[in-house]
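[1] return a 3D structure for these sequence lines:
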Amino acid sequence: MIENKLKILIVTQYFWPENMRINDLVRAFSENGHEVIVLTGWPNYPEGSVYSEFSASPERFKNYFGARIVRVPLVSRGKRSVSLILNYVSFFLSASTLGVFKLRSEKFDAVFVYAVSPIMAAIPAVVLGRIKKVPVFVWVLDLWPETLRAVGVLRQPALLALVGRVVSAIYNRADYLLLQSKGFADNVKQYCTKEISPERLIYFPSWAEDDFSASTPLTSNLLQRDDSVFTIVFAGNLGEAQDFPAILDAAEALKNKVAVRWVIVGDGRMSKWLHEQVTTRNLSNVLLLGRHPLSEMPGVFACADALLVSLKTNDVFEKTIPGKVQAYMASSKPILGMINGEAARVIEESGGGFSCPSGDIQGLVRITLELATTSPAQRETMGRAGRSYYLSHFSKPALMERLEELFRVATLRRTTQ
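    Modelled structure (predicted):
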C-alpha cells in the first residue's frame, strides 16, 4: 500500500467486460494502492445488446482488480441511429440521477472522465465534482459535435449547435481537459467561453494495454501463422468510420495478384455488411473472426506480418490518433495506415510502417505490395522502430505517473484555496 493514497472516481459509459483502454487505467491505479470506484452502465458495446453473461450474473461484474463498480441502467445502443442516441442520453441521465444517489455517501480526491463518444458522459462527472467539491478531469478522446457531423449521426445545423452548447458547458465546468492528440487543442479552445489557462489544457495521449508488450513468443487459437501468405490484421470496432468498402476493394484488387490474406477481428455496426460482401464477392482472402477478448489479440497480432489502421478522411479524424496505433506499435509489427493527419504522421515519423491517404484504394494496394515484398528482416526492423517510438512517446508507466501527479497537484490546489 502506498502512502497518501488517492480515492478516485472514474466516470465512463464503457467499461469491463467491454474492451476499453479505461479498464487498463483503472487496474493500474487500483494495483498501485489507490481506491478506485467506477461509475458506468450495462455492458453492450459494440454488439448493441446487453452482454448475456452480465444479464445472467451481474454480481460477477461488481469488482475489477480491486476497483468497485457502480452500474446504472441504460438503453442498449442497438443497430440504428435512433437507438444509439437513446443509448447516449439514457446513460448521462441515469448516471446523473441514480448514479449520484448511489454515490451520495462517498468522498473523492478526483473525478476522471473517459470521454470517448458521447461527451455527455461527462455531465454526471461535472455534477458529482460540484457536489463533492473535487477537481474534474475530462480525457477528451473524441471531438464533439464535429465527430457527430463527420460520421453522419447528426446533420441538422440546429442540433449540432445545441450539442456544441452542451460541449461548451462541460468544458467550461471541468477543471482539467486532457487531450489525446495535440491536434485537438484548437477545437477544444473554441468551446471555452473564456481564455483557458495552459495548466488546464494538457496533452495526454493513449497507451497500449499491457497484453501487447509481452516478451515471450505468442500463439493463437484463433489464427495460425502461415508463412506462405502475407497476413494483414485489422482489430477493433467495425464501424462506418473505418472505411471497410475501401479495404474490401483493395483486398479484391489483390486477390489474384499476390498471396495476401486480410484478417478482420472485431464487431460493430458494419459487421453484417462485411459478412454479406465477403460472401457475395467471394473474397476467400478475407477472414472475419468476430469479437474476442483483448487478451486474445497479442496472439493474433503475433501471427500477422502487418497491422492495418484506417479512418475516413475529414477534418476531425485527421486530428485523431486511434488507440489501436499505440497497440500496434507496442506489438513490434509494421503498420499499414490508410489514414490522414496525426496518425499518418506518427506512422511515418516512427519508421514503423507505411501510410497512404484515407480512402485511397490504389494507395493501400501499393503500400501493401511494397511491405509484402520487403524481406522479413526489414519488416522486423520496422516493427522494432515502431516499438521504440512507442516507448519514447506513449509509455504507460510514465503516463500513469504523470496522471497521478496531476491528481495530487489538483487536490492540493483545491485544499489550499
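[2] specify the local secondary structure of R149.
    Secondary structure, DSSP: H, G, I helix; E, B strand; the rest coil: R149 is helix.
[3] how near is the residue lying closest to it once chain neighbours are set aside to A185?
    In space, and not counting its chain neighbours, R149 is closest to L160: 5.9 Å by CB to CB, 6 or more residues apart in numbering. Using the backbone N, CA and C atoms, a C-beta is placed for each residue, glycine as well. Separation of L160 from A185 (CB to CB, to the nearest Å): 21 Å.
[4] doesn't L364 make contact with M338?
    Yes. Between M338 and L364 a contact is recorded at 4.8 Å, counting by CB atoms under 8 Å.
[5] which SSE is immediately downstream of the helix or strand of the chain with the lowest mean pLDDT?
    When the helices and strands of the chain are scored by mean pLDDT, DSSP states H and E, helix 146-151 comes last with a mean of 76. Using DSSP states H and E, the next helix or strand after helix 146-151 towards the C-terminus is helix 157-173.
[6] average pLDDT across that next one?
    Helix 157-173 carries an average pLDDT of 91.
[7] quick check: buried residues in that helix?
    By 16 or more other CB atoms under 10 Å, the buried positions in helix 157-173 come out as 160, 163-164, 166-167, 170-171, 173.
[8] show me what the following helix or strand past that helix packs onto, helices and strands only.
    Once helix 157-173 ends, the next helix or strand along the chain (criterion: DSSP H and E) is strand 176-179. Strand 176-179 is packed against strand 136-140, helix 185-189, strand 201-203, with contacts defined by 3 or more CB pairs under 8 Å, 6 or more residues apart in numbering; DSSP states H and E.
[9] who are the packing partners of the shortest one?
    Judged by 3+ CB pairs under 8 Å, 6+ apart, the packing partners of strand 201-203 are strand 176-179, helix 185-189.
[10] ok, and what's touching the least confident helix or strand of the chain?
    With CB atoms under 8 Å, 6 or more residues apart in numbering as the test, helix 146-151 has contacts from 117, 154-155, 160, 163, 187, 239-241, 312, 314-317.
[11] which SS class is the closest residue to G290 other than its chain neighbours?
    Leaving aside its sequence neighbours, G290 sits nearest to D267 (CB to CB, 6+ apart; 6.2 Å). Three-state call for D267 (three-state DSSP): coil.
[12] the one 5 residues further on too?
    Reducing the assignment to helix, strand or coil with three-state DSSP, the entry for K272 is helix.
[13] repeat for G78
    When classified by three-state DSSP, G78 comes out as coil.
[14] about what we covered before: nearest to I347, of the contacts of helix 146-151?
    F317 (14.4 Å; CB to CB).
[15] what's near enough to touch the closest one?
    F317 makes contact with 150, 241, 311, 339-341, 358, according to CB under 8 Å, 6+ apart.
[16] mind running it again at 7 Å?
    Residues in contact with F317 (CB atoms under 7 Å, 6 or more residues apart in numbering) are 150, 241, 311, 341.
[17] just to revisit the earlier point, separation between the residue nearest to R149 and M20?
    L160 sits 26 Å away from M20, going by CB to CB.
[18] before we move on, what about E47?
    Per CB to CB, E47 is found 14 Å from M20.
[19] ok, G359 next?
    Counting by CB to CB - G359 and M20 are separated by 27 Å.
[20] returning to what we had before: surely the residue nearest to R149 meets V166?
    No. Taking contacts as CB atoms under 7 Å, L160 lies outside contact range of V166: 10.8 Å.
[21] between E47 and M20, who's got more neighbours?
    Comparing E47 with M20 by other CB atoms under 10 Å, the one with more neighbours is M20, at 22 against 19.
[22] contacts only, for the nearest residue to the more buried one once chain neighbours are set aside.
    Nearest residue to M20 in three dimensions, chain neighbours excluded: Y14, at 4.7 Å (CB to CB, 6+ apart). Contacts for Y14 (CB under 7 Å, 6+ apart) come out as 20, 45, 116.
[23] so Y14, which state does it fall into?
    Assignment for Y14 (three-state DSSP): coil.
[24] residues in contact with the residue nearest to T320 when sequence neighbours are not counted?
    Sequence neighbours aside, S181 is the residue nearest to T320 in space, at 5.9 Å (criterion: CB to CB, 6+ apart). Applying CB under 7 Å, 6+ apart to S181 gives the contacts 319-321, 342.
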